[in-house]
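> got a sequence here, can you model it:
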Amino acid sequence: MKILHVVNNYEPSIGGTQLLYKGISERCVKQYNDEVEVYTIDSLFGSHSKNFSAITPKEENINGVFVKRFSFLRIHLKPIMFINKIIAKFGINSNYLNKCIAGPISSSLQKAIYNSDADIISASPSGFTYMSYPLKRHQLKNPKPFVYQGAFHFRDSDTEHHISKETLAAIKASEYYLCNTEYEKNRLVQLGIPEEIIVITGVATDVEAFANGDRNFFRKKLNLEDDDVLVGYFGRLEKAKSIEILVNAFIEAYQKNNKLVLVLAGFKSEYAITLQTKLSTLDKKFQQRIFWQFNLQANEKVNLYYALDMFVLPSLNESFGIVFLEAWSCKKPVIGTAIGAIKSVITEGKDGLLMQPNDINSLKEKILILAESKELRNEMGINGYNKTKENFSWEAVTEKFRNTYINAIKKFNNVHRRI
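Okay, here's the model as predicted:
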């Protein structure tokens, strides 16, 4: 089978979608001898980001997967973001402007997708221009079956969503929709997506890839004592991840337990630099307990997880949170936000704790609970490790993806034979 995966970012960029499609792509090649291409943009950061860091080369083979990176237009971002901000003050939400901001605006990428000779196209995440393919393919000489992976970050409110009519139409026009959780499926059904086209795949991580971490590598680097309790975040360093909530909760918790230390890790960004500057005004006693680690390599990431005593993701919007699986693979307890998707991932009190959204005091309390009990941290970490091995292996998730691809091809061919 020849597979085309289209994603906004791919390795070496870091993020949930990047990790998911990298894993699926490589295992389709390795386990099933499929031919897999990935089309993506040529930046470490998203097409909608103010940051740009070029990735080269434009084409390369990564573990058997053919990766092609495309340039995209960025000159329009600042003026359109400014206009969008102004009209938002009047309660106006422009889907057209949002789509222009999201992009990627790239004629070369669009042409490559439209001319693909793949047997199946699967793309993610929702909101980007290439996700409208199922609405436009009828205009093409050689249209392809399409599997939509939205990675929607639903809020808890059943009445609140920011999914455009065009996006819902594109999902309905696709052969299948892949979702991460039962919660995501239920929300989409409420919005009118046919239940029969939704497949719950979950996400995955390679537990074995995290088997040989060195707990002391980063603890020595940060000059930590044996009894220091290291709280950590790893992921995209952006405002949407509520990192300032974590910093403020840490400061509050530190005043109750002065053995706490915080490390923030990810690719260096404009937001990270701004937050670093802001933190430089803190009292020295806090500054000396907050560390940054930028642009870590894969082995360094594993060592960082091993150095932690707990992992925290305070984000208000997540479709799953692959980083929870990574932390559990290293037998670390986790703290996440008590929102729909995350509540279906973390079992409260068993493998992690749930904080109230955007609540500094709630997160402070959760940090202190774990900080004060090494036994509880160990117990939750082991429970999370067992859950990950049993439910979120690459073999199981790849099989779900690939079976959906096969069914999508059959479904598409049956419809087109009738036409």
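
> from here on, just use CA atoms for contacts and neighbour counts.
OK.

> what about residue 298, how many residues nearby?
When neighbours are counted by other Cα atoms under 10 Å, residue 298 registers 12.

> now the helices for the stretch 201-350 of the chain?
Using DSSP state H, counting those that start in this stretch, the helices of the stretch 201-350 of the chain run over 215-221, 243-254, 270-279, 284-287, 298-307, 322-329, 340-343.

> so what touches stretch 36-55?
2-10, 12-14, 25, 28-29, 56, 58, 64-72, 74, 77-78, 101-104, 109, 269-270 (Cα atoms under 8 Å, 6 or more residues apart in numbering).

> which ones among those are found in helices?
25, 28-29, 77-78, 101-102, 109, 270 (DSSP state H).

> per-residue confidence at the nearest residue to residue 228 once chain neighbours are set aside?
Spatially, and ignoring its direct neighbours in sequence, residue 228 is nearest to residue 259 (4.7 Å; Cα to Cα, 6 or more residues apart in numbering). Looking at residue 259, its pLDDT stands at 97.

> and residue 259, what does it touch?
Here residue 259 is in contact with 227-229 (criterion: Cα under 8 Å, 6+ apart).

> so how far is residue 232 from it?
Distance from residue 259 to residue 232, counting by Cα to Cα, to the nearest Å: 14 Å.

> could you list the domains of this structure?
2-204+393-418, 207-391 (automatic domain parsing).

> residue 332 reaches residue 379, doesn't it?
No: the pair residue 332 / residue 379 is not scored as a contact, 9.0 Å apart, by Cα atoms under 8 Å.

> among the helices of the stretch 201-350 of the chain, which is the most enclosed?
Highest mean neighbour count among these (mean count of other Cα atoms under 10 Å): helix 322-329, with a mean of 26.

> hang on, the earlier thing: for the residue nearest to residue 228, grab phi and psi.
phi -90, psi 0 (degrees, to the nearest 10).

> what lies in contact with stretch 139-159?
So stretch 139-159 is in contact with 17, 114-115, 118-126, 131, 133-134, 137, 161, 171, 174-180, 184, 187, 316-319, 339-341, 404-405, 408-409, 412, going by Cα under 8 Å, 6+ apart.

> okay, buried residues for that stretch please.
143-156 (16 or more other Cα atoms under 10 Å).

> give the bridge partners for residue 6, please.
For residue 6, the beta-bridge partners under DSSP bridges are residue 39, residue 123.

> next up, the contacts around it.
Residue 6 neighbours (Cα under 8 Å, 6+ apart): 38-40, 121-124, 130.

> could you check how far it is from residue 73?
Distance from residue 6 to residue 73, by Cα to Cα: 18 Å.

> over to residue 328?
39 Å.

> so residue 177 sits in a strand?
Yes: the assignment for residue 177, made by DSSP: H, G, I helix; E, B strand; the rest coil, places it in a strand.

> is residue 96 in a helix, a strand, or coil?
Relying on three-state DSSP, one would call residue 96 helix.

> look at it and report its pLDDT.
Predicted confidence (pLDDT) for residue 96: 81.

> how about the one 5 residues further on?
Residue 101 is assigned a predicted lDDT (pLDDT) of 87.

> for the one 10 residues further on, same thing?
Among the per-residue scores, residue 111 shows a pLDDT of 97.

> please, which helix or strand holds it?
Applying DSSP states H and E as the criterion places residue 111 in helix 107-114.

> that helix: which residues count as buried?
109-110, 113-114.

> let's have the contacts of residue 259 in JSON lines, adding distance to residue 395.
Shown next, in JSON lines, are the contacts of residue 259 (distance: Cα to Cα, whole Å):
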{"residue": "227", "distance to residue 395": "38"}
{"residue": "228", "distance to residue 395": "37"}
{"residue": "229", "distance to residue 395": "35"}
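
> any of these buried? List them.
228-229.

> now the strands: where do they sit in the stretch 101-250 of the chain?
Here the stretch 101-250 of the chain has its strands, by DSSP state E, counting those that start in this stretch, at 120-124, 146-149, 176-179, 198-200, 229-234.

> quick one: contacts for residue 107?
So residue 107 contacts residue 72 (Cα under 8 Å, 6+ apart).

> just to revisit the earlier point, quick one: the residue nearest to residue 228 from residue 399, how far?
45 Å.

> swap in residue 257?
46 Å.

> in stretch 363-371, what counts as buried?
363-368, 370-371.

> circling back: looking at the buried residues of helix 107-114, which two lie furthest apart in space?
Greatest spatial distance among the buried residues of helix 107-114 (Cα to Cα): 109 and 114, at 8.7 Å.

> related to what we said a few turns ago, export the buried residues of stretch 363-371 to CSV and tack on distance to residue 217, secondary structure and pLDDT?
Output for the buried residues of stretch 363-371, formatted as CSV (distance: Cα to Cα, whole Å; DSSP: H, G, I helix; E, B strand; the rest coil; pLDDT from 0 to 100):
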residue, distance to residue 217, secondary structure, pLDDT
363, 27, helix, 98
364, 27, helix, 98
365, 28, helix, 98
366, 26, helix, 98
367, 23, helix, 98
368, 25, helix, 98
370, 22, helix, 98
371, 21, helix, 98
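
> thinking again about what came up before, from the middle of its chain, how far away would the helix holding residue 111 be?
24 Å (Cα atoms, centre = their mean, to the nearest Å).

> then stretch 11-24?
That offset, for stretch 11-24, works out to 8 Å (Cα atoms, centre = their mean).
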